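Engineer: Only the shape, not the letters, is given here:
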């Protein structure tokens, strides 16, 4: 079972609420089990370049079933996955992509957030994921 | 002035309501004045291939400030804009992309819908645009 | 539930058997519910250009939940979906892509075949799909 | 002489057997002498992002007639082939791509594996290559 649009909107709403709370305008993307885009929202005045980054963060997390920042640790120069970003039409491997798990612990998609510092992006994505 | 996320969500909601009314699952994309994605929603069971098509319809409409189907009339074999679809990373020139005008008649973005027949797509996009 | 690799291999085998029966070397691709590649086989001496075509046919069928040739009827000059092939990184809209349905009639993926005439491609893809 | 589909399937089977033995779900791709895809299998629950990576590893190995990890040593910052990954539509230069040699020691293709740690990927690819 993949996520429904209703669930995606609930998560987007929770992410937006957190973004407003910390005072940063964010781009928020959600992909389903097949890594296909389900919902996207760009908050007013959020970075234009983060449209693509938020979508790529969500896809990256679902592609490898781990948060995007975990992959980034492994893709540094000298690390095992150096330059993995060249695959799949472009990955984003810094924090802000978080896997979505249903109540059974099964991964059903991912959320990607971009617009602030990577710590803020991760915090907002996590708030969205927690609403599932 | 470009559209706000609140306005985009209001239009998406109106489009979804129309889509449910006619019984077709749709992909709904909204771009702003700069032709950059503002909001996207894929209704449950809507075609996966229409994610990209709905976004391209919205961009196509804003790129040329006319509904996507108008461009399609001009891009047929022998017509003035034959194969314009090769530009801009791919255009979609059949109906379903509708320009968004504010109360002054100024174009502030576009909405693209894909998931049904082109007549249904245009009807749902128009319902969304009318909510601005 | 998406298709398993075991099911994909059973379908590929059925397609290959049919291809040998009609004496044409084929490329055979299978995608799952999320339109992601599950299995691919290129028979000896099959066209190199058909690697990409068979994969695109399978994706096209799953993207729109209809056999690829049905879309091709609608994408001709003057028809409603003219030049839809410019979306999704490239579609192939002539016959040879066939949707895969499970015993409940639910679409769980698609098979794409390329290497012969479009009639032969469709015949081989259908033989593969029938083995699910 | 390039590899036959029968040989490719034999190697895929050997790779899958090794993958099951070590308990990791893998994507397995095989390219022929011309670096064109010959066979691909995604094991159930294997990473979606590894479809592209396994294919790119196989192509990378055959493009330069050396295992993918060897190129990765040379593509680090300050090394002779820094950022070679930008060529050929994207390379993957960490371990998991292994050249295929026939009984005469002639390179006839490559196998690429992705889904676990790079050590596991290389181990599974090597098991596949050994079956030729």
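Structural biologist: Everything's here; your move. The shown structure was predicted, so the numbers you read here are calculated from the model rather than taken from an experiment.
Engineer: Determine the longest strand present in chain A.
Structural biologist: When secondary structure is assigned using DSSP state E, the longest strand within chain A turns out to be strand A:107-114.
Engineer: buried ones in that strand?
Structural biologist: By neighbour count, and taking 16 or more other Cβ atoms under 10 Å in any protein chain shown as the criterion, the buried residues in strand A:107-114 are A:108, A:109, A:110, A:111, A:112, A:113, A:114. The C-beta positions use only the backbone N, C-alpha and C, and glycine is treated the same way.
Engineer: could I get the residues you listed as TSV with pLDDT and distance to chain C?
Structural biologist: Converted to TSV, the buried residues of strand A:107-114 look like this (pLDDT from 0 to 100; distance: Cβ to the nearest Cβ, whole Å):
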residue	pLDDT	distance to chain C
A:108	96	11
A:109	98	10
A:110	98	13
A:111	98	17
A:112	98	17
A:113	98	22
A:114	98	22
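Engineer: Can I get those in CSV including distance to residue D:88?
Structural biologist: Output for the buried residues of strand A:107-114, formatted as CSV (distance: Cβ to Cβ, whole Å):
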residue, distance to residue D:88
A:108, 34
A:109, 31
A:110, 28
A:111, 32
A:112, 27
A:113, 32
A:114, 29
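Engineer: Go back to those and keep what's next to chain D.
Structural biologist: Intersecting the buried residues of strand A:107-114 with the surroundings of chain D, defined as Cβ under 8 Å from any Cβ of the partner chain, gives nothing.
Engineer: Now residue A:74. Nearest residue, chain neighbours left out?
Structural biologist: If the residues on either side of it in the chain are set aside, residue A:74 comes closest to residue A:81, at 4.1 Å by Cβ to Cβ, 6 or more residues apart in numbering or on different chains.
Engineer: cool, residue A:11 as well?
Structural biologist: Excluding the flanking residues, the one nearest residue A:11 by Cβ to Cβ, 6+ apart is residue A:128, at 4.3 Å.
Engineer: Kindly indicate whether the one you found is helix, strand or coil.
Structural biologist: For residue A:128, the assignment made with DSSP: H, G, I helix; E, B strand; the rest coil gives helix.
Engineer: do the same with residue A:54
Structural biologist: Reduced to three states by three-state DSSP, residue A:54 is helix.
Engineer: ok, the residue nearest to the spatial centre of chain A - contacts?
Structural biologist: Centroid-nearest residue in chain A, with Cα atoms, centre = their mean: residue A:112, separated by 1.5 Å. For residue A:112, the residues meeting the contact criterion (Cβ atoms under 8 Å, 6 or more residues apart in numbering or on different chains) are A:28-31, A:53-61, A:68, A:92, A:96-98, A:125.
Engineer: Name every strand pairing with the longest strand of chain A and say which way it goes.
Structural biologist: For strand A:107-114, the pairing partners within the sheet under DSSP bridges are strand A:27-32 (antiparallel), strand A:97-101 (antiparallel).
Engineer: For chain A, which segments are assigned as helices?
Structural biologist: Secondary structure of chain A, counting by DSSP state H: helices at A:5-22, A:50-64, A:68-74, A:118-130.
Engineer: Name the residues of the first one that are buried.
Structural biologist: The one in question is helix A:5-22. When burial is assessed from 16+ other Cβ under 10 Å, helix A:5-22 yields the following buried residues: A:5, A:7, A:8, A:9, A:11, A:12, A:14, A:15, A:16, A:18, A:19.
Engineer: Hey, what's the angle from that helix to helix A:118-130? Just curious.
Structural biologist: Orientation note: helix A:5-22 sits at an angle of 140 degrees relative to helix A:118-130 (axes from the mean of the first three to the mean of the last three Cα atoms, to 10 degrees).
Engineer: So residue A:15 is in contact with residue A:127, correct?
Structural biologist: Yes: with the criterion set as Cβ atoms under 8 Å, residue A:15 and residue A:127 qualify as a contacting pair; they are 5.6 Å apart.
Engineer: quick revisit: return the member of the buried residues of strand A:107-114 nearest to residue B:42.
Structural biologist: Nearest to residue B:42, judged by Cβ to Cβ, of the buried residues of strand A:107-114 is residue A:109 at 11.7 Å.
Engineer: Mind listing the residues bridging to that closest one?
Structural biologist: Beta-bridge pairing for residue A:109 (DSSP bridges): residue A:32, residue A:100.
Engineer: residues contacting it?
Structural biologist: Applying Cβ under 8 Å, 6+ apart, we find residue A:109 in contact with A:2, A:3, A:30, A:31, A:32, A:33, A:35, A:38, A:58, A:62, A:99, A:100.
Engineer: Kindly give a single PyMOL line that selects the buried subset of these.
Structural biologist: The buried residues among the contacts of residue A:109 can be selected in PyMOL (16+ other Cβ under 10 Å) with this line:
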select buried, chain A and resi 2+3+30+31+32+33+35+38+58+62+99+100
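Engineer: residues in contact with the residue nearest to residue A:74?
Structural biologist: Residue A:81 sits next to A:71, A:74, A:75, D:94, D:118 when contact means Cβ under 8 Å, 6+ apart.
Engineer: so what's the third one scoring on pLDDT?
Structural biologist: Okay, so that is residue A:75. Per-residue confidence (pLDDT) for residue A:75: 97.
Engineer: got it, and the first one?
Structural biologist: Model confidence at residue A:71, expressed as pLDDT, equals 97.
Engineer: Give me the pLDDT value at the closest residue in space to it that isn't next to it in sequence.
Structural biologist: Among residues not flanking residue A:71 along the chain, residue A:93 sits closest, at 4.4 Å (Cβ to Cβ, 6+ apart). At residue A:93, the predicted lDDT confidence score is 98.
Engineer: cool, and residue A:1?
Structural biologist: Per-residue confidence at residue A:1 stands at 60 (pLDDT).
Engineer: Flag every residue of chain A that's near chain C.
Structural biologist: Within chain A, the positions adjacent to chain C are A:32, A:33, A:34, A:35, A:36 by Cβ under 8 Å from any Cβ.
Engineer: Go through those residues and name the one nearest chain C.
Structural biologist: Chain C has its nearest neighbour among those in residue A:34, at 1.9 Å by Cβ to the nearest Cβ.
Engineer: and the gap between the closest residue to the closest one other than its chain neighbours and residue A:35?
Structural biologist: In space, and not counting its chain neighbours, residue A:34 is closest to residue C:34: 1.9 Å by Cβ to Cβ, 6+ apart. As judged by Cβ to Cβ, to the nearest Å, residue C:34 and residue A:35 stand 6 Å apart.
Engineer: Can you lay out the contacts of residue A:81 as CSV showing neighbour count and distance to residue D:43?
Structural biologist: What follows is the contacts of residue A:81, written out as CSV (neighbours: other Cβ atoms under 10 Å in any protein chain shown; distance: Cβ to Cβ, whole Å):
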residue, neighbour count, distance to residue D:43
A:71, 22, 20
A:74, 17, 21
A:75, 18, 23
D:94, 26, 20
D:118, 21, 17
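Engineer: can you tell me which residues contact whatever residue of chain A ends up closest to chain B?
Structural biologist: For chain A, the residue closest to chain B is residue A:40, as judged by Cβ to the nearest Cβ, at 3.9 Å. Contacts here follow Cβ under 8 Å, 6+ apart; on that basis residue A:40 touches A:27, A:28, A:29, A:30, A:51, A:54, A:55, B:37, B:39, B:40.
Engineer: Please consider this matter closed, and thank you.
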